[in-house]
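Okay, here's the prediction I keep looking at, along with the sequence it came from:
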Amino acid sequence: MRTVPGTKNGGAAQTREDQDLPGVWVAYGALLGHLRKRAGLTQPALGAAIGYSMEQVASVEQGRRPAKAAFTRAAEGAVDAGGVLDVLQPEVDRAKLPRFFRNFAAIEADVVSRFSYDPLLVPGLLQTEAYARAVFAGHCPPFSEEIVDQHTEARLGRQRLLTRDPMAELSFIIGEEALRDPVGDADVMRGQWQRLLEAGGLRNVEVQVMPAARGFHPGKNGAFVTVQTKEHEHLGYFESQGVGCTVSDPAHVSAFGLRYGKLRSQALNVEESARLIARVVGET
């Protein structure tokens, strides 16, 4: 078992590491500066061409601020980048995650299957922007608004896994407590429930609910994830209080798979789960 950077639902401790400038931001900025100069543009001229201020362009070039996807799309055309900035964008986005989750996020992005059990919070891959922002805003010790923004953007970026081609097989078992325990206000929760119903309608996504009164089951020991990589390697992952572990030992991974199979049989099936979520929506 090896400990790797990781967070999944509730964010992570804001450490000095999180304040260091990620290397990919610095590299992206240096490349942007080179392309801008090659195109004969000043920072103010590039900003005017793509709808950003000179200060924003300078911050990105200095690696102090990550480029957003919209910035990259606009800059690609303005400096005739030929797609090189766009290629870096996923890594720029991944570096917005807490440092100790980035390694597993890189694994997750290329899996052929991902199965997860989340008893207390809606899993990050299914969270709405408002729900994710409320989770990060409630972190202790508090995150700055900039870090909340970055972590939220990165979490939403991870959700490309739901619709990417080739499709990944995705299964989510969510504790009923996660549906009923409010995160944010009523509007946030209503939007989150609707999002679960929409995600459950995707061909490659299954959403099941574990009823609160089910009694003891293997998930009582906590949340976990099992994945199969494109190289057909099976891995597990779990975390608690901002510390994440990727599990590679075959015996431990096998145990995760057995537990997940048991949970799948004890949870409501997909149709029953959708009806329960719809009922919760109707109760508000």
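Nice, I can see it.

As a check, name the ranges of all helices in the stretch 101-250 of the chain.
102-109, 129-137, 145-158, 176-180, 186-200, 250-266 (DSSP state H, counting those that start in this stretch).

closest to Phe216 out of the ones you listed?
helix 250-266 (10.0 Å; Cβ to Cβ). Where you see a C-beta, it was placed from the backbone N, CA and C, and this is true even at glycine.

Let's see the closest one as PDB, backbone CA atoms only.
C-alpha atoms of helix 250-266 as PDB (Å, rounded to 0.1, in the frame of the first residue of the first chain):
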ATOM      1  CA  PRO A 250      -3.600  -7.600  -5.100                       C
ATOM      2  CA  ALA A 251      -5.000  -9.100  -1.800                       C
ATOM      3  CA  HIS A 252      -6.200  -5.700  -0.600                       C
ATOM      4  CA  VAL A 253      -7.600  -4.700  -4.000                       C
ATOM      5  CA  SER A 254      -9.400  -8.000  -4.200                       C
ATOM      6  CA  ALA A 255     -11.000  -7.300  -0.800                       C
ATOM      7  CA  PHE A 256     -12.200  -4.000  -2.000                       C
ATOM      8  CA  GLY A 257     -13.800  -5.700  -5.000                       C
ATOM      9  CA  LEU A 258     -15.600  -8.200  -2.800                       C
ATOM     10  CA  ARG A 259     -16.900  -5.500  -0.500                       C
ATOM     11  CA  TYR A 260     -18.100  -3.400  -3.400                       C
ATOM     12  CA  GLY A 261     -20.000  -6.400  -4.900                       C
ATOM     13  CA  LYS A 262     -21.600  -6.900  -1.500                       C
ATOM     14  CA  LEU A 263     -22.600  -3.200  -1.300                       C
ATOM     15  CA  ARG A 264     -24.000  -3.300  -4.800                       C
ATOM     16  CA  SER A 265     -26.300  -6.200  -3.800                       C
ATOM     17  CA  GLN A 266     -27.400  -4.500  -0.600                       C
END
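
Give me the distance between Glu233 and Thr246.
Noted for Glu233: a distance of 11 Å to Thr246, by Cβ to Cβ, to the nearest Å.

Mind checking which of these two has more residues around it?
Neighbour count, other Cβ atoms under 10 Å: between Glu233 and Thr246, Thr246 has more, with 20 against 13.
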